[in-house]
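Undergrad: using only what follows, build the 3D model:
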Amino acid sequence: MANLKLRSTTSATDPGSTSVKGSALTHGEMDSNFILLQADVNSKVASASPTLTGTATIDNNGILQFNEATANGSNYVQIKSLASIASNYTLTLPPNDGDSGQVLTTDGSGVLTWTAKTTATPTQSQSGSNFTLASASNLDTNNNEIIDSNGSSVGVRFGSDINLTGQSIVTTANGDIKLQPNGTGTVELNKSLEVYGNTTEGRGIFLNNFNGAAPTAGQLFNVGLQIETKGDSSLAGQGGNFPTIVMTANDAQGAYPNLWLQRSKSNDPASPAFLSNNDIIFSFFGAAYDNNSLGFGANYYNKTCAVDFKASENHSAGNMGGKIEFRTETTGEAASATGDLRLTIDDDVEIHKNVVLHNQSGDPSTVANASHIYAKDDSSSSEVYVRDEAGNVTKISPHNTQGEWEYYSRNINTGKVVRVNMEQMIRDVEQLTGKTYIENE
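TA: Here you go, the predicted model:
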């Protein structure tokens, strides 16, 4: 409803009075120059630049609308509240217009301030509380890359923990997932690592350095799988902490655990090459602590014990011979990169050092198509014997308890046991012939 205001005939100003007129309006009073129809401020703000005091209320989820300049069209911007609000709150605007790039933030009590925008870039890191994905949440880039200001693809770096409880890190289009610590940083797994896949996708831990630099002296190889443990006094009497690789096969069709190690004599995986004679295919070696720091793997590279699997000829499609060499370091010598060769299994078995035979409790049992060389006690002296497949036993270390040379044989067919003192027999022959057959050195 509009209020009726009467203006003075001698003044151009609004008298500010809305008093009720006690008599009928005259024709002059009806002149528009002398009558103001003022809209009720509760229904419309009529003035071009009104000044309001107190609280202006927009009822019933109403809209505050800002139209663009009439000359530019009829578009507008609207501000409105939610249709349902749990409780009243007030937003207090900041004291200035802020700086370029700043964003509007709240202190949690409705006071708004301008603050610098925090952006994760390749040269910045995030710190503070953990980054957590709840059980029903995802970190989704909508199949888009994360790029830097130059448009180059970058990784995501975290300065604190990543909690992926109940969630997965997945890629699309056969994309890779790379964990690449900076500098001397490491990737630590405090629990088990489970690798799943199928026969099409493959499964496993693949380690390579096709794009890496060659290792330098005093460093660990830059490709490999290292398992390291340390002692734990709480495990006393339980065997301690053993770094262990366990492979278990449960298969009725004959599948069994395999450790399949391959080598090509080529730097290019796409163009493999045959090995040459004596090339190492792979090596098992035990390296005890050595403070000389020689070779790769500072203090641990030199071999104390080693088993080398080698090519025994120049390989080709029809020639793939192999051999196994067993090496150990000699007692009283420093560790070396090779160790001393002890045994070679090739087309033959070659023994490169002494063979020590420890006493057996008796003669061995028969093995088909085989004979035995062994040691057993003879009058408190360890002696060497041979046993053929038929069971005949012959002593081949020809000395008796007096240190004299003797011949001993037991025939399984006749049951005869022959023990001949060869020295006495030859002395008798010497007396008969007058010749000397035994020459003492």
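Undergrad: what packs against the helix or strand where K376 lies?
TA: If you go by DSSP states H and E, K376 is part of strand 372-377. Judged by 3 or more C-beta pairs under 8 Å, 6 or more residues apart in numbering; DSSP states H and E, strand 372-377 is in contact with strand 359-360, strand 382-387. In this view, the C-beta of every residue, glycine as well, is placed from N, C-alpha and C.
Undergrad: looking at those, which is buried most?
TA: Neighbour counts (mean count of other C-beta atoms under 10 Å) averaged over each of those peak at strand 382-387, with a mean of 17.
Undergrad: partner strands of that one and their direction?
TA: strand 372-377 (antiparallel), strand 393-395 (antiparallel) (DSSP bridges).
Undergrad: want to try a markdown table for these, with distance to I280 and mean pLDDT as columns?
TA: Conversion of the strands paired with strand 382-387 to a markdown table gives the following (distance: least, C-beta to C-beta, whole Å; pLDDT from 0 to 100):
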| stretch | distance to I280 | mean pLDDT |
| --- | --- | --- |
| strand 372-377 | 31 | 94 |
| strand 393-395 | 41 | 88 |
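Undergrad: give me whichever of those strands is most buried.
TA: Mean neighbour counts were taken over these using mean count of other C-beta under 10 Å, and the top value, a mean of 18, falls to strand 393-395.
Undergrad: of the strands paired with strand 382-387, which is nearest A287?
TA: Nearest of the strands paired with strand 382-387 to A287, taken as C-beta to C-beta: strand 372-377 at 33.2 Å.
Undergrad: neighbouring contacts of that closest one?
TA: By C-beta atoms under 8 Å, 6 or more residues apart in numbering, the surrounding residues in contact with strand 372-377 are 357-364, 382-387.
Undergrad: what would the strands paired with strand 382-387 look like in a markdown table with distance to A287?
TA: Formatted as a markdown table, the strands paired with strand 382-387 follow (distance: least, C-beta to C-beta, whole Å):
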| stretch | distance to A287 |
| --- | --- |
| strand 372-377 | 33 |
| strand 393-395 | 43 |
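Undergrad: among these, which is nearest I345?
TA: Short answer: strand 372-377, nearest of these by C-beta to C-beta, at 17.3 Å.
Undergrad: where do the domain boundaries of the chain fall?
TA: Using automatic domain parsing, the domain parsing of the chain gives 1-52, 359-433.
Undergrad: quick one: which two of the contacts of strand 372-377 are the most distant?
TA: Most distant of these, by C-beta to C-beta, are S361 and V386, 17.3 Å apart.
Undergrad: quick one on the thing from earlier: which of the domains of the chain comes out lowest on mean pLDDT?
TA: Mean pLDDT values for those show the minimum at domain 1-52, a mean of 55.
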